[in-house]
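Asks: below are the sequence and a predicted model for it; my questions follow.
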Amino acid sequence: MALDQLKAFLVLMQNDLALKEAVLASSTADDVAKIAAGLGYEFAGDELLRFSGQKVGRVTVSKRQPPGEYS
């Protein structure tokens, strides 16, 4: 069920510029999950992280490396 919620949120995000900007400004996956929860979508930050690399519509989920981390 959470995966369906996540996908629905990503579809909404691709059509809402303000929402997209809020998500891109978020520091953590948990922050994104909180934004989604405020709009009625329920998924956890770790579920979003596990979805990294996948695409829904025009949105591709990608994990950002925080500044100071090296690969």
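Replies: Structure received.

Asks: so what does the lengthiest helix in the chain touch, helix or strand wise?
Replies: In terms of residue count, the longest helix belonging to the chain (DSSP state H) is helix 2-14. The helices and strands touching helix 2-14, judged by 3 or more CB pairs under 8 Å, 6 or more residues apart in numbering; DSSP states H and E, are helix 17-25, helix 29-38, helix 45-50, strand 55-56, strand 59-60. The C-beta positions use only the backbone N, C-alpha and C, and glycine is treated the same way.

Asks: can you list the strands that the last one pairs with?
Replies: On the basis of DSSP bridges, the sheet neighbours of strand 59-60 come out as strand 55-56 (antiparallel).

Asks: quick one: mean pLDDT over the partner strand.
Replies: Over the span of strand 55-56, the pLDDT mean works out to 87.

Asks: which residues sit against it?
Replies: With CB atoms under 8 Å, 6 or more residues apart in numbering as the test, strand 55-56 has contacts from 7, 10, 11, 14, 61.

Asks: beta-bridge partners for the residue lying closest to the second one once chain neighbours are set aside, please?
Replies: The reference is to residue 10. Leaving aside its sequence neighbours, residue 10 sits nearest to residue 56 (CB to CB, 6 or more residues apart in numbering; 4.2 Å). Beta-bridge pairing for residue 56 (DSSP bridges): residue 59.

Asks: number of residues surrounding residue 56?
Replies: Residues lying near residue 56 (other CB atoms under 10 Å) number 16.

Asks: for residue 15, see how far away it is.
Replies: 12 Å (CB to CB, to the nearest Å).
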